[in-house]
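Undergrad: test case, fold it:
(one chain, ligands or ions: 1)
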Amino acid sequence: MELHLTSDTATQDENFAVDLVLGAPTSQWTGSPRDASNGEQFSSAEPNRRHLLLPVLHSIQAHIGWLSPGALNYVAVRLDVPPAEVHSVASFYDLLRLQPTPPNTLHVCDDIACRTKGAESLCAGLDKSLGKEGMPCLDGKAAWFRSPCLGLCDQAPVALVKSAGKSAKEWVIARATSASIQNNLQDCAKGGAGLKESQPLLREFIPQFGNPQLRLLRRVGQVDPTNLQEYLRTEGYEALRRAMLAYLADPSSDENANPAYWGPFSVVGEGAAK
Ligand code: FES
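TA: Next comes the predicted model:
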């Protein structure tokens, strides 16, 4: 664990990955080059941005495939966070890697649920066909790792494929088989976008998948959950909009005046009435 900045410097690509989240530095205090006399001080006029530490680490991992000492130095300076804290967060998460790692990685969950569904034999198969866990394979373009729970225990055994780079991508392999994980990693190492059968089995997650009557989960698998514009395009907030319009049209109607009708929106209703 580094208590001080080291002499390692970030590459241009690493700087780019950090600046994507934080914006370009505007002064020496916000991360532009410092001279030897003030290079290890941690004080800035910037507001505290400690909460951006994980998003920044994710960005480097997604673009570069691992977190180098130079990249961690740059993060510490940009966020005005002690290097030891940056290192402790970066070393806590299994999917953030602190050693040079090939850009394409396969993470096979060997936690309890997946273990009961054959994860060990998947790992043994990879060991035979691709080599030891963590070692470069497929012409140095890929590596495989064991992983703690990936959060899809009901789809066990599960694996995750990640491809680092400017257009980073990742996908889950649910109900993984020896053939599906190897085919997906090979496809990923060749620059493919993932084989079709690797997608999560939506019909098993959501028995009513595709049914027009489905309300609450109807956007799952159809819309990027991180994109608000897509949510709005698919009638996101539409029910709330209609309810607000009805309230504004006649705040005193029996239905609209009844707080039970508004449930969690009752405070909004009262505010709109004033
Ligand atoms: S135990 Fe494998 S996804 Fe949870």
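Undergrad: the residue nearest the centre of the chain: helix or strand, and which one exactly?
TA: Residue closest to the mean C-alpha point of the chain, counted by CA atoms, centre = their mean, is residue 58 at 6.7 Å. Assigned by DSSP states H and E, residue 58 belongs to helix 53-64.
Undergrad: dump the next helix or strand after that helix to CSV, keeping only the CA atoms.
TA: Proceeding N to C from helix 53-64, the next assigned helix or strand is helix 69-79, under DSSP H and E. Only the C-alpha atoms of helix 69-79 are listed here, as CSV (Å, rounded to 0.1, in the frame of the first residue of the first chain):
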residue,chain,number,x,y,z
PRO,A,69,0.5,2.7,-10.0
GLY,A,70,0.8,5.8,-12.3
ALA,A,71,-3.0,5.8,-12.9
LEU,A,72,-3.6,5.5,-9.1
ASN,A,73,-1.3,8.5,-8.5
TYR,A,74,-3.2,10.6,-11.0
VAL,A,75,-6.5,9.6,-9.3
ALA,A,76,-5.1,10.6,-5.9
VAL,A,77,-4.0,14.0,-7.2
ARG,A,78,-7.2,14.7,-9.2
LEU,A,79,-9.5,13.8,-6.3
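Undergrad: report the secondary structure state of residue 105.
TA: strand (DSSP: H, G, I helix; E, B strand; the rest coil).
Undergrad: quick one on the thing from earlier: could you list every helix and strand in contact with the helix holding residue 58?
TA: The contact analysis (3 or more CB pairs under 8 Å, 6 or more residues apart in numbering; DSSP states H and E) places helix 53-64 against helix 12-22, helix 69-79, helix 83-90. Quick note: C-beta positions are derived from backbone N, CA and C, even for glycine.
Undergrad: one more time with 10 Å, if that's ok
TA: helix 12-22, helix 69-79, helix 83-90, strand 159-163 (3 or more CB pairs under 10 Å, 6 or more residues apart in numbering; DSSP states H and E).
Undergrad: tell me the average confidence for it?
TA: Over the span of helix 53-64, the pLDDT mean works out to 96.
Undergrad: and that helix, which residues are buried?
TA: Residues of helix 53-64 classed as buried: 53, 56-64 (neighbour count, 16 or more other CB atoms under 10 Å).
Undergrad: again, but for stretch 162-182
TA: So, applying 16+ other CB under 10 Å, buried residues of stretch 162-182: 162-164, 168, 171-176, 180-182.
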